[in-house]
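> Next comes the sequence, and after it the predicted model I'd like to discuss.
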Amino acid sequence: MENLKRIEPAGPDVPAIMAELGREARAAAHAMSLASTEAKNRALHAAAAAIRAHADEILAANARDVAAAEGAPSAFLDRLRLDAKQIEAMARGLEAVAALPDPIGRILARFERPNGLVIERVATPLGVIGVIYESRPAVTADAGALCLKAGNSVILRGGSDSFQSSLKIHECLVAGLAEAGLPEAAILRPPTTDRAAVGAMLAGLDGNLDVIVPRGGKSLVARVQAEARVPVFAHLEGIVHVYVDRDADLEKAKRILLNAKLRRTGVCGAAETLLVDRACAATHLGPLAAMLLDAGCALRGDLETQAVDPRVAPASEADWSTEYLDAIISVRIVDGLDQAIAHIETYGSHHTDCIVTENQAAAERFLTEVDSAIVIHNASTQFADGGEFGFGAEIGIATGRMHARGPVGLEQLTSFKYRVRGAGQIRP
């Protein structure tokens, strides 16, 4: 990628560097808000082509990042490591975002007042978005693509652990912007691994940052939520439950649970607690526990769960509110749907929760009463993903109740304004 601007190590004045990035991003945001759908889509397709063309360079950079992280926990390495299949998925993700309808300029509502004023609520970009993430190089592509299509500019502050991987992916995104004639500053990344860059973003970059999206561990998200001076789209933890109801089909429950827990243990949609209705525990708990144990998953259970298999370790009170992000799951028997919902309300994180049942009334109660961003009936919790929702990709999952909730895709990266058309009316 010899034709791309290289990012050099930052000097000691990180606040000044970040302030300049904020100004560049703000200027680019104005241009992006006026960019045509065709130009944005051309940039995304060009970026996808660049990712495919430079896949070997991206993988080589990722290998350097992984080697530098030797000895890190397996869940960390799972999020950091890329392979050829994931590179292709990254490119297809950009093309999927290009294929989505442009969210900007949509008329969300239109009405006429008795005085003849015509009022329209119209979708607009948010402006400048900051994304702070750890050990997830694919976020570089996903976040860059979504912000671009939604007419925003974005500052991507990836972790030092994925610095080399993210650098190569970012170069491909910038190549796409250049080919489409869009400002290269629409997708920026700090040229430093200095943590002072994070502090500068949390302070708002002199008013140039409109929203922050953190992607990473609990300590990162907690810091962002505590210190940010701008709005935050985030979830602190993914304490995800699968509740096997008395009317659950056992084979269906086994398929769903195995996938929900072990497909990828390091993602926020991975199941962390299994709840089993006492009414079906005699027939369902043993097979479910044995299946997980035989697949290499450790179980931490209550006394009744420990009794079904000697391999089950005792669960502590802390286990019910632990996001393991590993091949570990806590298991508890509950007295029906009411107790399952109460357990989720007490220990959950309002991220994603699932009921497995053939009882439609029980399913509807669960979907209505469990106050989580994503509630699921008879499907794996690992569908908690913007791509699986048809959003093309996601910039993160939010569990708050203001503006964005669940997967944060294109529509969640927009705001709106009112256009009022008159014919000389004045207010009496």
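That came through, no problem.

> Helix or strand: which one has residue 98?
helix 84-99 (DSSP states H and E).

> My understanding was that residue 234 contacts residue 404; is that so?
No. Residue 234 is beyond contact range of residue 404, at 9.5 Å (criterion: CB atoms under 8 Å). All C-beta spots, glycine's among them, are computed from the backbone N, C-alpha and C.

> any residues in contact with both of these two?
residue 398 (CB atoms under 8 Å, 6 or more residues apart in numbering).

> Now for residue 97: which residues touch it?
Contact analysis of residue 97 by CB under 8 Å, 6+ apart lists 44, 145-146, 148-149, 392-393, 410.

> which one is it nearest to, not counting chain neighbours?
Leaving aside its sequence neighbours, residue 97 sits nearest to residue 392 (CB to CB, 6 or more residues apart in numbering; 3.9 Å).

> tell me how far stretch 254-265 is from the chain's mean position?
Mean-position distance between stretch 254-265 and its chain equals 19 Å (CA atoms, centre = their mean, to the nearest Å).

> sorry, that was for stretch 341-349
22 Å.

> What are the buried residues along it?
341, 343-344, 347-349 (16 or more other CB atoms under 10 Å).

> thought residue 153 was touching residue 182?
No. Using CB under 8 Å as the test, residue 153 is too far from residue 182 to be in contact (9.9 Å).

> Spit out the residues that contact the two alike.
Common neighbours of residue 153 and residue 182 (criterion: CB under 8 Å, 6+ apart): residue 32.

> of these two, who's got more company?
Comparing residue 153 with residue 182 by other CB atoms under 10 Å, the one with more neighbours is residue 153, at 30 against 23.

> what are the phi and psi values for residue 407?
phi -60, psi 130 (degrees, to the nearest 10).

> That one - how many residues pack around it?
When neighbours are counted by other CB under 10 Å, residue 407 comes out with 23.

> The one 3 residues further on now?
Other residues near residue 410 number 25, with proximity taken as other CB under 10 Å.

> What distance do you get for the closest residue to it other than its chain neighbours to residue 412?
Closest residue to residue 410 apart from its sequence neighbours, by CB to CB, 6+ apart: residue 103 at 4.7 Å. With distances taken as CB to CB, to the nearest Å, residue 103 is found 9 Å from residue 412.

> Show me which of the two is the more surrounded one.
For residue 103 versus residue 412, the count of surrounding residues by other CB under 10 Å is larger for residue 412: 24 against 19.

> Apart from its chain neighbours, what residue comes closest to that one?
Per CB to CB, 6+ apart, closest to residue 412 is residue 404, 4.0 Å.

> so the one you found touches residue 398, yeah?
Yes. Between residue 404 and residue 398 there is a contact under CB under 8 Å: 4.5 Å.

> So for the two, which residues contact both of them?
233, 412.

> OK, contacts around the residue nearest to residue 269 when sequence neighbours are not counted?
Distance criterion CB to CB, 6+ apart; nearest residue to residue 269, sequence neighbours excluded, is residue 384 at 3.5 Å. Listed by CB under 8 Å, 6+ apart, the contact set of residue 384 reads 238, 240, 268-269, 351-352, 374, 376, 397, 406-407.

> closest to residue 291 among those residues?
residue 240 (18.0 Å; CB to CB).

> Let me see the mean pLDDT of whichever strand or helix holds residue 214.
Using DSSP H and E, residue 214 sits within strand 211-215. If you average the pLDDT over strand 211-215, you get 91.

> same check, this time on stretch 409-427
Rounded mean pLDDT across stretch 409-427 is 94.

> Kindly indicate whether residue 24 is helix, strand or coil.
helix (DSSP: H, G, I helix; E, B strand; the rest coil).

> Please look at it and residue 185 and confirm they touch.
Yes. In terms of CB under 8 Å, residue 24 counts as a neighbour of residue 185; the distance is 4.1 Å.

> Report the residue ranges of every domain in this structure.
Domains of the chain are assigned by automatic domain parsing as 14-233+408-420, 240-383.

> and those as JSON lines, adding distance to residue 426?
JSON lines is the format used below for the domains of the chain (distance: least, CB to CB, whole Å):
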{"stretch": "domain 14-233+408-420", "distance to residue 426": "10"}
{"stretch": "domain 240-383", "distance to residue 426": "45"}
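
> what about the strands in the stretch 101-250 of the chain?
For the stretch 101-250 of the chain, the strands defined by DSSP state E, counting those that start in this stretch occupy 107-112, 118-125, 128-133, 153-157, 187-188, 211-215, 240-244.

> nearest to residue 32, of those strands?
Nearest to residue 32, of the strands of the stretch 101-250 of the chain and by CB to CB, is strand 153-157 at 5.6 Å.

> partner strands of that closest one, parallel or antiparallel?
strand 128-133 (parallel), strand 187-188 (parallel) (DSSP bridges).

> Just name the most buried of those strands.
Per-stretch averages of neighbours, counted by mean count of other CB atoms under 10 Å, single out strand 128-133 among those, with a mean of 28.

> Make sure residue 142 is actually in contact with residue 394.
Yes. Using CB under 8 Å, residue 142 is in contact with residue 394, at 6.5 Å.

> Identify the contacts common to these two.
residue 386.

> Determine the three-state secondary structure at residue 279.
Residue 279 ends up helix, using three-state DSSP.

> now do residue 331
Strictly by three-state DSSP, residue 331 counts as strand.

> for the stretch 301-428 of the chain, which spans come out with low pLDDT?
Counting by pLDDT under 70, the stretch 301-428 of the chain shows no low-confidence range.

> what sits against the closest residue to residue 164 other than its chain neighbours?
Leaving aside its chain neighbours, residue 164 sits nearest to residue 61 (4.0 Å; criterion: CB to CB, 6+ apart). Residues in contact with residue 61 (CB under 8 Å, 6+ apart) are 164-165, 167-168.

> By neighbours, which of those wins?
residue 165 (27 neighbours).

> That residue contacts residue 137, doesn't it?
Yes. Counting by CB under 8 Å, residue 165 touches residue 137, with 3.7 Å between them.

> Which residues are in contact with each of those two?
Common neighbours of residue 165 and residue 137 (CB under 8 Å, 6+ apart) are 62, 65, 80, 82.

> quick one: secondary structure of the second one?
This means residue 65. helix.

> Next, count neighbours for it.
Residue 65, neighbours per other CB under 10 Å, totals 23.

> Repeat that for the first one.
By other CB under 10 Å, the residues close to residue 62 number 23.

> ok, it touching residue 77?
No. Counting by CB under 8 Å, residue 77 is not a contact partner of residue 62; they are 11.1 Å apart.

> that older thread, will you turn the contacts of residue 97 into JSON lines that also has distance to residue 229?
Shown next, in JSON lines, are the contacts of residue 97 (distance: CB to CB, whole Å):
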{"residue": "44", "distance to residue 229": "31"}
{"residue": "145", "distance to residue 229": "27"}
{"residue": "146", "distance to residue 229": "23"}
{"residue": "148", "distance to residue 229": "25"}
{"residue": "149", "distance to residue 229": "27"}
{"residue": "392", "distance to residue 229": "30"}
{"residue": "393", "distance to residue 229": "27"}
{"residue": "410", "distance to residue 229": "26"}
